[in-house]
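J.: got a structure for you, letters missing:
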């Protein structure tokens, strides 16, 4: 079995299909499944082909914009105030998102770590011990940032935490573009 680094790059046809699926509202993971590649393949192709990376981001942005406009239009009617709440929850989940009791936000966690570091530095007398401990805290914060970035990257590839990715056994009847029109994917999925 070939290692991931030995996989062939995405073909132009695959790149076009990825952008088609993203513009229809799929997340990157679903687009990867539909073109029979991995999410890693798409990320690598975006890194090595700046134009493709721009096309991917544009397709995602255009899809998102269409939905944001729908929500904003619905929210113009006072009876549809929930549309505004939904938009705020997804736009700024740190500030407006629903949280279970005891949930800690990224901002709160980073503030706690900063206070903990300050307290430890203040109490440690030995400079070598303090330096070693600060290095370990730096490693911990780096790991925390990576975990947060990975989580953000995963959710940013989708329409949000409440989105449902297309399953591998979804059929073409489940696929619609951002205007709600069914996509003709018979030849796309072949």
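T.: Yes, it's here. In this text the structure is predicted, and so the values were computed from the model without any measurement.
J.: how long is stretch 23-38 from one end to the other?
T.: 18 Å (Cα to Cα, to the nearest Å).
J.: residues of that stretch that come out buried?
T.: Under the neighbour-count criterion of 16 or more other Cβ atoms under 10 Å, stretch 23-38 has 23-35, 37 buried. In this view, the C-beta of every residue, glycine as well, is placed from N, C-alpha and C.
J.: tell me the two of the residues you listed that are most distant?
T.: With Cβ to Cβ as the measure, no two of the buried residues of stretch 23-38 lie farther apart than 25 and 37, at 19.0 Å.
J.: Tabulate the buried residues of stretch 23-38 (a markdown table), appending distance to residue 43, pLDDT and secondary structure.
T.: What follows is the buried residues of stretch 23-38, written out as a markdown table (distance: Cβ to Cβ, whole Å; pLDDT from 0 to 100; DSSP: H, G, I helix; E, B strand; the rest coil):
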| residue | distance to residue 43 | pLDDT | secondary structure |
| --- | --- | --- | --- |
| 23 | 18 | 93 | helix |
| 24 | 20 | 91 | helix |
| 25 | 20 | 89 | coil |
| 26 | 16 | 91 | coil |
| 27 | 13 | 91 | coil |
| 28 | 8 | 93 | helix |
| 29 | 11 | 93 | helix |
| 30 | 15 | 94 | helix |
| 31 | 12 | 96 | helix |
| 32 | 9 | 95 | helix |
| 33 | 15 | 96 | helix |
| 34 | 16 | 96 | helix |
| 35 | 14 | 97 | coil |
| 37 | 10 | 95 | coil |
